[in-house]
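Asks: what follows is a predicted protein model with its sequence.
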Amino acid sequence: MNVLIVEDERSLAKEIASFLKSENFLCDLAYTGREASEKIAVNLYDFILLDLGLPDYNGLDLIKEARKTGSEASFIIITARGAVEDKVKGLDLGADDYLAKPFALVELLSRINAVARRKFNITSQNVELGEFVMEIQSRRLTCKGNLVDLTKKEFDLLHYLVINRDKVLTRQQLYEHIWGNILDDQYDSNFIDVHIKNLRKKLNFHAPSPWLETIRGVGYKISGD
Amino acid sequence: MIRLKTKLALFNLLSKLAFTALFLLFLPVIIERINLRQVDNDLVQKREKTIGLISRYGIEPFINPDSSISFGSYNILKEEFISLEKTDIPDELNEIDISSRVLEDEEISYRVLNYTLFVDGQKYLLEIGRSLTSIQQAKGNISRILFIFIGLIILITFITDLQYTRLILVPLEKITKKLKEISSPSKFDLTPVKTNTIDFASLDSALRSLMDRIGEAFRKEKEITVDISHELLTPVSVLRSKLENILLRNDIDPEVAGKVEESLKTLHRLQSLVNSLLMIARIESHQYLREDTFSVRTLIEEIIEELKPLADDKEVALTGEFQQDLLYRDANRPLIFSMFYNIVNNAVKNTPSGGKINIKCFSAEKGLRVVISDTGKGMDDEQLANLFSRFKSKKGNDGNGAGIGLAIAKSIADFHNIEIQVKSAPGSGTAFSIDFPRNS
């Protein structure tokens, strides 16, 4: 998929690009609004990651322009300007999602994938985890036909690890994904540990879960088969 | 305290009453003066007439100049009389006074004109009198009519004054109402109030220009907040992405990975701190909307569900007791959630294993009260005093989250006019008492 990264902070744009390339995206960079405007007019993009705080352009105008020229790119706004109005305006103008800086790269990826699933109407497949089956659509986890009774948060946690399979997720990344930004300030690493502990207890009651790994000093990951 | 329109109407009424009282006090004297002058003029005319008659017909038709019998004539109702008699008094008389005459056992007051005149060398005294009884009666009648009339006028003008002052004070009331309804500078109503009173118009325009300036200051503060947030969070963002990319490499040494994660953690503390300060700044500059309506009970149940795993892990009992609920209007739900979350999370952190935390919702004098009490280690007075301040580190805190959570809770409470009180003593736990304002 083609992604245009519109971001005036060059080193950030490059890091995002390097990450997305490793996830098999084709990335294009624009450091100014003018550059972005020209590229949008010429190329077809599936995604445009748009920083609203451009020095030469009101980022929101880019969305309007793109829509006028018939571009069907999905916009994901990334901004450090936390103003609520910007968020509302951006979503009103047809942006598909909104991420506040600083964000985790894996979070960006999961947002892009979520928008892509919506856009192309992809239904999530069931995922096998050892002897467990995760039914994404119905938000259920079963083991040999038996339902594993998970809380909403536990399911979300497991799901996030599943979609980032083979990647080590830090406690902070997990916390931010599940609790969002309003509680960001009370980030408590112990929180994730407690939930993982409970999750393991429930899983192990049904079957062993060696695939859910603790990476000492870093975080957690689900290793793929 | 008294309303302006009442004050004006009362002043009008009192001044009218004072003037009327003064008027009524002098009224009898004035009427008497006027009447007496009238009577006097009358008497003088009659005297002239009589003198005229005497000079035309001589004195004989009235009185025999040789005899000493005097002439006297009263009309039937004794309202008037005229008398003519010889006199030897040396003075020349031409005066009017009041004297009493006894007639048929009845004493009657008369206004009497005394006049001496010479006819054929003989001095005569002419007396013309008019009864004062009729004057007295007229005075009483006029007073009564005037009294009723003035009373009526006062009543009518009082009512019209009241209505009129109410009418001209309408713009003032509108201005007051406009000011009262302002909940934040973003909701200033800058439309001018309609009035043709210069004073109100200038008051209104002064207020509007004040609101305009405050609004401008708020906008600037907002912009500064946004700028600072951008400036601070962008470098954090760059660093974070770089470190995360390093961590994602497959060939990374576990020891390096640990160090990178530690750096990320430190970076996150910085991010948290900036975000917390921005959040407080945004709350204090009223950049959050208050448009949600929700049940406080449901929200607290969510908080309990959220923090239960953490409490269970610590073997702390976290319970809710709901005697009263509140459908909270015009509030920001995520902020209120954050407020409770911070307070309850703080309680969980500070309650040792085996302890209890209870959240009780009940109806107090002011409205819904939520009391969050724990069996934790409690705080001394110094800790209590610094509880809601931003940077005073609290003893016993692990340093995580910079201890700013309660400062956030406090600013959210202030933003919503919610009162928070804390009772605590070392060794006897802490109780946060949260009073919601009554829904308007």
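Replies: Thanks, I have it.
Asks: is chain A within reach of stretch B:332-350?
Replies: Yes. Stretch B:332-350 comes into contact with chain A (Cβ under 8 Å from any Cβ of the partner chain), by way of B:Pro334, B:Leu335, B:Phe337, B:Ser338, B:Tyr341, B:Asn342, B:Asn345. C-beta coordinates here come from the backbone N, C-alpha and C atoms, glycine included.
Asks: what is the mean pLDDT for that stretch?
Replies: Per-residue pLDDT values over stretch B:332-350 give a mean of 90.
Asks: cool, and stretch B:191-211?
Replies: 88.
Asks: got the CA coordinates for that stretch in CSV?
Replies: These are the backbone C-alpha positions of stretch B:191-211, laid out as CSV (Å, rounded to 0.1, in the frame of the first residue of the first chain):
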residue,chain,number,x,y,z
THR,B,191,-24.6,41.0,20.9
PRO,B,192,-25.4,44.4,22.3
VAL,B,193,-28.4,44.8,24.6
LYS,B,194,-31.2,47.0,23.1
THR,B,195,-31.7,50.2,25.0
ASN,B,196,-32.2,53.9,24.5
THR,B,197,-30.7,54.8,27.9
ILE,B,198,-27.2,56.1,27.4
ASP,B,199,-26.0,54.8,30.8
PHE,B,200,-27.1,51.2,30.0
ALA,B,201,-25.7,51.4,26.5
SER,B,202,-22.3,52.5,27.8
LEU,B,203,-22.3,49.9,30.6
ASP,B,204,-23.1,47.3,28.1
SER,B,205,-20.5,48.4,25.7
ALA,B,206,-17.9,48.6,28.5
LEU,B,207,-18.7,45.1,29.5
ARG,B,208,-18.6,43.9,25.9
SER,B,209,-15.2,45.4,25.4
LEU,B,210,-14.1,43.8,28.6
MET,B,211,-15.4,40.4,27.5
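Asks: reformat the residues of stretch B:332-350 next to chain A as CSV; add neighbour count, distance to B:Lys123 and secondary structure.
Replies: Shown next, in CSV, are the residues of stretch B:332-350 next to chain A (neighbours: other Cβ atoms under 10 Å in any protein chain shown; distance: Cβ to Cβ, whole Å; DSSP: H, G, I helix; E, B strand; the rest coil):
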residue, neighbour count, distance to B:Lys123, secondary structure
B:Pro334, 16, 119, helix
B:Leu335, 23, 114, helix
B:Phe337, 19, 119, helix
B:Ser338, 23, 119, helix
B:Tyr341, 23, 122, helix
B:Asn342, 23, 120, helix
B:Asn345, 23, 125, helix
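Asks: B:Thr50 reaches B:Ile82, doesn't it?
Replies: Yes. The pair B:Thr50 / B:Ile82 is scored as a contact, 6.8 Å apart, by Cβ atoms under 8 Å.
Asks: common neighbours of those two, please.
Replies: Residues touching both B:Thr50 and B:Ile82 (Cβ atoms under 8 Å, 6 or more residues apart in numbering or on different chains) are B:Leu126, B:Ile128.
Asks: per-residue pLDDT, residue 120?
Replies: Here I'm looking at chain A. Reading off the confidence values, A:Phe120 has pLDDT 83.
Asks: looking at chain B here, not the other one
Replies: Model confidence at B:Asp120, given as pLDDT, is 80.
Asks: could you pull up phi and psi at it?
Replies: For B:Asp120, the backbone dihedrals are phi 50, psi 40 (criterion: degrees, to the nearest 10).
Asks: can you tell me how far it is from A:Val162?
Replies: 152 Å (Cβ to Cβ, to the nearest Å).
Asks: report the beta-bridge partners for B:Ala331.
Replies: B:Asp292 (DSSP bridges).
Asks: neighbours of the nearest residue to A:Met134 once chain neighbours are set aside, how many?
Replies: Once flanking residues are discounted, A:Met134 sits nearest to A:Val127: 4.3 Å by Cβ to Cβ, 6 or more residues apart in numbering or on different chains. By other Cβ atoms under 10 Å in any protein chain shown, 17 other residues sit near A:Val127.
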